[in-house]
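Enquirer: Sequence first, then the predicted structure, then my questions.
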Amino acid sequence: MNHPTDTSVPLLAARDLTKSHGRTPALRGASLELREGEILAVTGPSGSGKSTLLHCLAGIVRPDGGSVAYGGERLDRLPEKRLSELRRTEFGVVFQFGQLIPELTALDNVALPLLLAGTARGQAQAKAGEWLERFGVRGQGELRPGEMSGGQAQRVSLARALVTGPRIVFADEPTGALDSLAGEQVMSALVHTARETGTAVLLITHDAQVAAYADREVQVRDGAVVPQGVAV
Amino acid sequence: MIAMSTRHILLGLLAGGPSHGYDLKRRHDERFPQARPLAYGQVYTTLQRLVRDGLAEIEGTDSDGGPERTMYRSTDEGGRELEKWAAEIAPPAPFVTNEIFAKVVVSILAGGDPAAYLQAQRTAHMERMRQLTAVKTAQGADLATVLSADYALNHLDADLRWMTTTAARLTTLTTEVYAS
């Protein structure tokens, strides 16, 4: 496993990313860097390209042009098998609507990434239980996603994203479907855990109050990251 | 406006029983953690005015081993005044003194760069919002701290949303400012 640890080198660096959906350009030369343990907010209006940027950075989609470097590897050039391994072991992803598997209990949802990585069932479930505890939803372990509140389901999603001990958590509008109090609880849980574990977080949001949990903010406009100090 | 608030807040703090100026100041600063701390002078002046207006009276003195302190207590009239004030609607501000908007307009008039100003202002707002978020999410932060930080965060957020809309409409605003 190639874990980048030199803090002078960005953990993740994107350069001049371009990506179109059909004929519609979503990214037009986006560049950014994420450092080890940093919590970075990527903000911008709807349709600015933030989610596409996250998908390219997390290796979920390949950019049409530009590069994404992670610990000496070019994500944009990696074979699918290696990308999939990275997504399973070194990246965690949280989406707006959680995207938990509805047929599985909270405990099994959190255990799943460990099972996929080859951990024995009993061990995976014990570790999943610890992570549910950490996010204050141990009592919901036997519930299915449809039986939980939005805030509880999202905390289960955070547990699932962090259970493998990833280097980076990618969170795409993680509080977008929650009321403000549930959103605060989710953000506090995410930020406290990321700080404790030294996990970097790339947080996509259109909400300034959510962005204020981050160490730093970059703004995306029309598919590109606005350089600091430049008017938009 | 500030004097009126201080007057009623002190009456509110006296509602629980007699107290002296030092204690009132300390309790005020604890209850309203993000507010500007009360100055001792302001506390004593306000207490004297409450006595003058019949809303509070001197209970006696208390030394408690240290220097002698004047104890104050609320009168029945003070209790009625407090009840009336607490139930009164605070008028939603009809006019907002908006320094940011003034700077945008002045910048347009002077041929400056209002977009750059708005972006710099946004950065300053975000920095303050990060500080307030750190205050309210710190281990052991009490609810009064959380709620007062939330109040400030919501107002800064409203400013930010207004700045975003204004930045998107600068071209039209510039045309209007030059046309008038």
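Expert: Ah, there it is. Residues are numbered from 1 along each chain as shown, chains lettered A, B, ... in the order given.

Enquirer: contacting residues for the residue nearest to the spatial centre of chain B?
Expert: Residue closest to the average C-alpha location in chain B (CA atoms, centre = their mean): B:Ala35, at 5.5 Å. Counting by CB atoms under 8 Å, 6 or more residues apart in numbering or on different chains, B:Ala35 touches B:His28, B:Asp29, B:Ser148. Where C-beta positions appear, they are placed from N, C-alpha and C, glycine not excepted.

Enquirer: repeat that for 10 Å
Expert: B:Ser5, B:Ile9, B:His28, B:Asp29, B:Ser148, B:Tyr151 (CB atoms under 10 Å, 6 or more residues apart in numbering or on different chains).

Enquirer: Am I right that the first one falls within a helix?
Expert: Yes - when the secondary structure is assigned by DSSP: H, G, I helix; E, B strand; the rest coil, B:Ser5 falls within a helix.

Enquirer: residue boundaries of the helices in chain B?
Expert: B:2-14, B:21-31, B:40-52, B:76-87, B:99-109, B:114-137, B:143-168, B:170-179 (DSSP state H).

Enquirer: The fifth one to helix B:143-168, inter-axis angle?
Expert: Compare the direction of helix B:99-109 with that of helix B:143-168 by axes from the mean of the first three to the mean of the last three CA atoms, to 10 degrees and you get 20 degrees.

Enquirer: Settle this for me: A:Leu158 is touching A:Leu203, isn't it.
Expert: No - judged on CB atoms under 10 Å, A:Leu158 makes no contact with A:Leu203 at a distance of 12.0 Å.

Enquirer: related to what we said a few turns ago, export the contacts of B:Ala35 as JSON lines, with columns for neighbour count and distance to chain A.
Expert: Shown next, in JSON lines, are the contacts of B:Ala35 (neighbours: other CB atoms under 10 Å in any protein chain shown; distance: CB to the nearest CB, whole Å):
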{"residue": "B:Ser5", "neighbour count": "12", "distance to chain A": "26"}
{"residue": "B:Ile9", "neighbour count": "20", "distance to chain A": "27"}
{"residue": "B:His28", "neighbour count": "19", "distance to chain A": "27"}
{"residue": "B:Asp29", "neighbour count": "13", "distance to chain A": "25"}
{"residue": "B:Ser148", "neighbour count": "18", "distance to chain A": "15"}
{"residue": "B:Tyr151", "neighbour count": "13", "distance to chain A": "12"}
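
Enquirer: Let me know the closest of those residues to A:Phe95.
Expert: For the contacts of B:Ala35, the closest approach to A:Phe95 (CB to CB) belongs to B:Tyr151, at 31.0 Å.

Enquirer: if I pick the closest one, what's in contact with it?
Expert: Per CB under 10 Å, 6+ apart, neighbours of B:Tyr151: B:Gln34, B:Ala35, B:Leu132.

Enquirer: Any figure for the gap between it and A:Leu162?
Expert: Here B:Tyr151 is placed at a distance of 32 Å from A:Leu162 (CB to CB, to the nearest Å).

Enquirer: for chain A, which spans come out with low pLDDT?
Expert: A:1-8, A:228-232 (pLDDT under 70).

Enquirer: what about the residue nearest to the spatial centre of it, distance to chain B?
Expert: Most central in chain A under CA atoms, centre = their mean is A:Phe170, positioned 1.3 Å from the mean C-alpha point. Separation of A:Phe170 from chain B (CB to the nearest CB, to the nearest Å) stands at 21 Å.

Enquirer: doesn't A:Leu202 make contact with that residue?
Expert: Yes - contact criterion CB under 10 Å: A:Phe170 and A:Leu202 qualify, at 5.1 Å.

Enquirer: For the two, list the residues in contact with both.
Expert: Common neighbours of A:Phe170 and A:Leu202 (CB under 10 Å, 6+ apart) are A:Leu12, A:Leu34, A:Val42, A:Leu54, A:Leu57, A:Ala58, A:Phe91, A:Val93.

Enquirer: Filter these down to the ones in strands?
Expert: Assigned to strands by DSSP state E, the following of those qualify: A:Leu12, A:Leu34, A:Val42, A:Phe91, A:Val93.

Enquirer: who wins for neighbours among the residues you listed?
Expert: A:Val42 (30 neighbours; other CB atoms under 10 Å in any protein chain shown).

Enquirer: do you know how far that one is from A:Ala224?
Expert: For A:Val42 relative to A:Ala224 (CB to CB), the value is 12 Å.

Enquirer: One more: A:Val93?
Expert: Counting by CB to CB, the gap from A:Val93 to A:Ala224 is 23 Å.

Enquirer: next one: B:Leu156
Expert: For B:Leu156, the distance to A:Ala224 - CB to CB - is 26 Å.

Enquirer: wait, doesn't A:Ala200 sit right on A:Gly71?
Expert: No - between A:Ala200 and A:Gly71 there is no contact under CB under 10 Å: 11.8 Å.

Enquirer: what is in contact with those two at once?
Expert: A:Pro10, A:Leu11, A:Leu12, A:Arg167.

Enquirer: Which phi and psi values does the closest residue to the last one other than its chain neighbours adopt?
Expert: Okay, so that is A:Arg167. The spatially closest residue to A:Arg167, leaving aside those adjacent along the chain, is A:Glu90, at 4.9 Å (CB to CB, 6 or more residues apart in numbering or on different chains). The phi/psi pair for A:Glu90 (degrees, to the nearest 10) reads phi -120, psi -20.

Enquirer: give me the number of residues near A:Glu90?
Expert: 19.

Enquirer: Tell me the spacing between it and A:Arg160.
Expert: Taking CB to CB, one finds A:Glu90 at 15 Å from A:Arg160.

Enquirer: With B:Ala115 instead?
Expert: From B:Ala115 to A:Arg160 the distance is 42 Å (CB to CB).
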